[in-house]
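with the sequence up front, the predicted model follows.
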Amino acid sequence: MSEPIVNLNLAKELGMNEEEYNRMLEILGRIPTYTELGIFSVMWSEHCSYKNSIKLIKTLPRSGGKLLVSAGEENAGLVDIGDGLAVAFKIESHNHPSAVEPYQGAATGVGGILRDIFTMGARPIASLNSLRFGEINGNDEQKNKRSKFLFKNVVKGVGDYGNCFGVPTVSGEVYFEDSYHDNPLVNAMAVGIVKHNETATATASGIGNPVFIVGSSTGKDGIHGATFASEEISEESESKRPSVQVGDPFTEKLLLEASLEVIRSGAVVGIQDMGAAGITCSSSEMSAKGNCGMKLNLDLVPLRDNDMSSYEIMLSESQERMLVVVEKGKENIVKEIFDKWDLNCVQVGEVIPDNCVEIWYKGKLEAKVPASELVLGGGAPVYTRETKEPEYLKETMAFNQNSIGEPKDYNDVLMKLLSAPNIANKKWVYEQYDSQVRTNTQIMPGGDASVVRIKKTNKALSMKVDCNGKFVYLNPYLGGMIAVCESARNVVCTGGKPLAITNCLNFGNPYNPEVYYQFSEAIRGIGDACRKLETPVTGGNVSFYNQSKDYAVFPTPVIGMLGLIEDAEKAMTSNFKNEGDDIYLIGENCSEIGGSEYLKVIHNLITGVTPGINLDTELNLHNAVLELINNGLINSAHDVSDGGLAVALAESCVMDVNNKIGCKVELDYKFRKDFELFGESQSRVIISANEKSADKISAICKKNNLNLIKIGKVFGSELSINKDITFSVESIANNYYNTIINIMNE
C-alpha cells in the first residue's frame with residue numbers, strides 16, 4: 001500500500017473534523033493513505049452523507065401510496081401510474097457551481113438529474129427548474145448587473161443542455177430576492193417513464209461480475225466538487241475553488257440511448273451515475289447496497305489527463321459517466337452496444353465478496369476502505385444540530401399590518417404588481433427552452449402547472465416546482481406546509497391527482513442554530529402536509545451553506561409535485577375562455593398580507609405573519625376541483641397565489657395570448673380592500689363555468705365544506721373589479737409579458 005502522508009491538519013483541510021478523523025482511524029485500524037483520506041472526506045461530506053440532515057429527513061413520509069421504491073433506495077423515486085408503467089422523478093441542486101460559472105453550473109445540473117432518471121431505465125420526458133437570483137431591477141446597479149449576468153447564463157445553460165439533449169423543459173419558477181444575491185439557487189428536476197419490468201437498480205451483486213466504466217473519459221474537472229458544492233465557502237477558501245464540470249449534452253444523448261438499450265438487454269446487474277464524488281461514490285454506494293465489494297484498477301480508466309493521481313481519478317466529477325456491473329459472460333453484449341453508440345466501455349474491475357472497495361493504481365494498492373462505513377445508513381456520521389428560534393421573528397411576528405396606509409390608486413398597485421419580476425410572466429425564460437420536443441407537451445409553461453401526455457395511453461402527467469421562500473422565512477413550519485400545498489394545488493388546477501413529491505432543501509449554514517431551526521421546522525411542515533395529502537417523498541436533495549459572510553438565503557424548500565391525469569382530454573388550463581361564463585372564488589378571502597408581494601413591491605417590506613393554512617380545507621379543495629374538472633363542469637381553474645386575487649384575475653384574462661378576454665367582478669369586501677385584493681391567503685382557486693353548471697358546482701363545494709362565491713362574469717376587453725380597478729386586457733398583457741424582456745434588454 002502507498003506510504004501514508006496523512007495527519008489531522010490535512011484532514012481538516014479536506015473538511016473533516018477531529019472526531020471524524022479519529023473515527024476513520026478506528027475504522028481502518030491504521031493511518032490512511034492520501035487517496036483514502038480523500039474518499040472518506042468526500043463521502044462524509046454533507047453532500048454525500050447528509051450528516052446534518054438525515055435524521056430529520058427520515059421523519060418525512062418516505063413510502064406508501066403508489067411508490068414502488070422507498071425514498072433513497074435508488075437513483076430516483078419511482079411511482080406506479082398503472083398500465084404497467086412507472087414514473088421516475090427527482091430534483092437536485094447545483095447552486096454553488098452555478099455561482100462560480102453559471103452556464104456550465106446550470107447545464108451540468110440538468111445533465112446530472114437526467115442521468116439519475118435514465119439509470120433507472122426510464123426515458124426522460126420532461127425537465128423542470130426552480131431558480132433564485134438577487135434583484136434585477138433594484139436600486140443598486142452593480143447588484144442588478146451581477147444578478148442579470150447570473151440569470152442570463154443560468155437560463156442559457158439550462159436551455160442549451162435540455163434542447164441539445166432532446167427533452168422538453170416544460171415548467172419552472174424564477175424568483176428575485178436580495179437574499180439570493182451572493183448565493184443563487186439552481187434546482188433541476190427531471191421526469192421519466194419506464195415499464196415496470198424494465199427498471200434498473202443501483203446495486204452491485206454477483207461475486208466475480210465485471211465492473212465497467214462507460215461514457216466519457218475522466219478528467220480533472222470538478223475534483224473536490226462534492227465537498228465544494230456543500231460545505232461553507234469562506235474568504236480563505238475562495239482561491240481553492242475547483243474547476244466546474246463541463247457538460248456535453250450530445251454525449252449524454254448517446255449515453256441515454258446506450259444505457260436504455262443495455263438495461264433492456266438483460267446484461268446489467270446494477271448501474272449508477274457518477275455524480276458527486278465520481279467513482280468514489282458510485283463504487284462505495286453500489287457495493288454497500290449489495291453487501292459486497294469492488295476491486296478497481298485505475299490504470300484501465302479512460303483518462304483525458306494522463307498525469308492524474310489516484311486521488312484525482314477517484315474524486316473527479318467529469319460528466320456523462322456511469323459505473324455498470326455486468327453479468328459475467330455478457331461482457332461482449334455490453335461492449336457491442338456502447339461501441340455502436342461510440343462511447344467508452346472499459347472493464348476496470350470486478351465484484352468481490354469482501355464489503356470493501358480496493359483501489360489499485362500503477363501496481364500499488366492506493367486504498368482499501370469498507371464500503372458500508374462510507375455511506376448513509378452505515379458508518380457515515382449523523383448529527384443533530386442545535387436549534388434556536390430566529391431573533392428576527394420577534395420583529396416580523398409583531399408587525400401591525402394596519403400600520404401601512406391604504407393605496408389611493410388601485411390601478412397603479414395592480415400594474416406595479418403585474419410588472420414585478422416575481423409575478424411578471426417568465427416568457428423571456430421559457431421561450432429559450434424547447435418545450436415541445438418529443439411532441440408530448442399538452443399544457444405549456446406559464447400556467448399553474450405543465451402537462452405532458454404519456455404516449456400510447458390516455459393518461460398525462462401534471463408537474464410543478466414550487467416554494468415561496470418569504471413564507472418559509474417568516475414561519476418555517478407554515479412555509480414548508482404551504483410549499484407542498486401550493487404545488488399540489490397547481491397540479492390539481494390542471495386536473496392532476498397529486499401522487500408524490502421530490503424536494504430540494506436549500507438553506508444556510510446548519511451550524512447556525514437559527515438556520516437549523518428553519519430547516520427542522522420546514523421539514524415538520526412538509527411532513528404534515530405530505531401525510532394529509534397522501535403525497536409521500538420519493539427522495540431529493542439537501543443543499544446547505546447557501547450563505548455569504550453577512551446573510552443566508554431565505555430558507556427555500558423547493559417542492560417538485562407529480563400528479564396523474566387519467567384522461568388527458570380533461571386537462572384544464574387557467575385562462576378564461578367564453579364570454580358570459582360565471583366566475584367563482586372557491587375558498588375565503590382573509591385579512592392576511594404577511595410575506596406578500598404587495599408588501600414587498602408597494603411598501604418595500606418583507607415582514608408580517610405567514611398566511612395560515614388548514615390542511616383539511618386544502619384537501620377538500622383538491623377533491624372538489626378535481627371532481628369539477630372530471631365532470632366537465634368548469635372551463636378554467638387558477639390558483640390564487642403571488643399578488644393575490646386581483647393578480648390571479650388579471651392572469652386569467654391574458655394567459656392565452658391568442659384569446660385575451662376581460663371580466664367584470666364585484667366583490668363584497670369584508671376587510672380592507674387592499675388586503676382582500678392583494679393578500680395571499682391560501683386554499684383559494686378561481687374557476688369559470690357556464691351558468692348552467694351553477695347548481696352542480698354549488699353542490700360539490702357544499703359537499704366538501706367549501707366556501708363558494710360567485711364574483712363576476714367573463715366579459716369584454718377590460719378587467720373591472722368594483723370601481724377600484726379598470727384596465728384593458730391589452731395593457732395587462734403588455735406589462736405582464738414584457739417586463740422581464742425589457743429589463744434584460746436594458
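Cool, the structure landed.

check which helices and strands the helix ranked longest in the chain is in contact with.
With secondary structure taken from DSSP state H, the chain has its longest helix at helix 141-165. Contact here means 3 or more C-beta pairs under 8 Å, 6 or more residues apart in numbering; DSSP states H and E; on that basis helix 141-165 packs against helix 95-100, helix 102-118, strand 123-133, strand 169-176, strand 185-195, helix 249-264, helix 729-745. Placement of C-beta: from N, CA and C, glycine included.

please redo it, this time with the cut-off set to 10 Å
Applying 3 or more C-beta pairs under 10 Å, 6 or more residues apart in numbering; DSSP states H and E, we find helix 141-165 packed against helix 95-100, helix 102-118, strand 123-133, strand 169-176, strand 185-195, helix 249-264, helix 427-430, helix 729-745.

tell me which residues of the fifth one are tucked away?
What it means is strand 185-195. Leu185, Val186, Asn187, Ala188, Met189, Ala190, Val191, Gly192, Ile193, Val194 (16 or more other C-beta atoms under 10 Å).

now do the last one
Taking 16+ other C-beta under 10 Å as the neighbour-count basis, helix 729-745 is seen to contain the buried residues Val729, Ser731, Ile732, Ala733, Asn735, Tyr736, Tyr737, Asn738, Thr739, Ile740, Ile743.

what's the pLDDT at the residue nearest to the second one when sequence neighbours are not counted?
Put plainly, it is Ser731. Take Ser731 and drop its neighbours on the chain: the residue closest to it by C-beta to C-beta, 6 or more residues apart in numbering is Met415, 7.6 Å away. Met415 carries a pLDDT score of 97 in this model.

Met415 against Ala650, yeah?
Yes. Met415 lies in contact with Ala650 (C-beta atoms under 10 Å); the separation is 9.3 Å.

next, show the common contact partners of those two.
Ile725, Phe727, Ser731, Ile732, Asn735, Tyr736 (C-beta atoms under 10 Å, 6 or more residues apart in numbering).

now do the contacts for the fifth one.
When you say that, I think you mean Asn735. In this structure, Asn735 makes contact with 414-420, 423-425, 650, 654, 727, 742, judged by C-beta under 10 Å, 6+ apart.

now with 7 Å, please.
For Asn735, the contacting residues are Met415, Leu418, Ser419, by C-beta atoms under 7 Å, 6 or more residues apart in numbering.

taking these one by one, which sit in strands?
Assignment to strands by DSSP state E places none of these there.

take those residues and keep only those in helices.
Met415, Leu418.

now do the buried residues in the longest helix of the chain.
Burial within helix 141-165, assessed by neighbour count using 16+ other C-beta under 10 Å, is assigned to 143-144, 146-148, 150-155, 157-165.

same question for stretch 27-44.
28, 32-44.

so what's the gap between it and the chain middle?
Put simply, stretch 27-44 sits 32 Å off its chain's centre (C-alpha atoms, centre = their mean, to the nearest Å).

in CSV, list the C-alpha atoms belonging to it.
What follows is stretch 27-44, C-alpha atoms only, in CSV (Å, rounded to 0.1, in the frame of the first residue of the first chain):
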residue,chain,number,x,y,z
ILE,A,27,-12.5,2.0,11.1
LEU,A,28,-9.2,1.4,9.2
GLY,A,29,-7.1,0.5,12.2
ARG,A,30,-4.2,2.5,10.7
ILE,A,31,-3.2,5.8,9.2
PRO,A,32,-5.0,6.2,5.8
THR,A,33,-3.3,6.9,2.5
TYR,A,34,-4.0,10.3,0.9
THR,A,35,-6.4,8.7,-1.5
GLU,A,36,-8.3,7.0,1.4
LEU,A,37,-8.5,10.3,3.2
GLY,A,38,-10.0,11.9,0.1
ILE,A,39,-12.5,9.0,-0.2
PHE,A,40,-13.6,9.4,3.5
SER,A,41,-13.7,13.2,3.4
VAL,A,42,-15.9,13.4,0.3
MET,A,43,-18.2,10.5,1.4
TRP,A,44,-18.6,12.0,4.8
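
distance of the closest residue to Glu101 other than its chain neighbours from Asp695?
Of all residues not flanking Glu101 in the chain, Val244 sits nearest, at 4.2 Å (C-beta to C-beta, 6+ apart). As defined by C-beta to C-beta, to the nearest Å, Val244 lies at a distance of 60 Å from Asp695.

between these two, point out the one with more neighbours.
With neighbours defined as other C-beta atoms under 10 Å, Val244 and Asp695 compare such that Val244 has more, 25 against 8.

what helix or strand is that one located in?
Under DSSP states H and E, no helix or strand contains Val244.

Val685 versus that one, what's the distance?
42 Å.

show me where the stretch 551-700 of the chain has helices.
With DSSP state H, counting those that start in this stretch as the definition, the stretch 551-700 of the chain shows helices at residue ranges 597-603, 615-630, 644-654, 673-678, 694-703.

do the stretch 401-550 of the chain as well
Using DSSP H, counting those that start in this stretch, helices in the stretch 401-550 of the chain cover 410-418, 427-430, 469-474, 476-492, 513-533.

need the ones you listed in a markdown table with mean neighbour count, can you?
Listed next are those as a markdown table, based on neighbours: other C-beta atoms under 10 Å:
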| stretch | mean neighbour count |
| --- | --- |
| helix 410-418 | 20 |
| helix 427-430 | 20 |
| helix 469-474 | 26 |
| helix 476-492 | 29 |
| helix 513-533 | 22 |
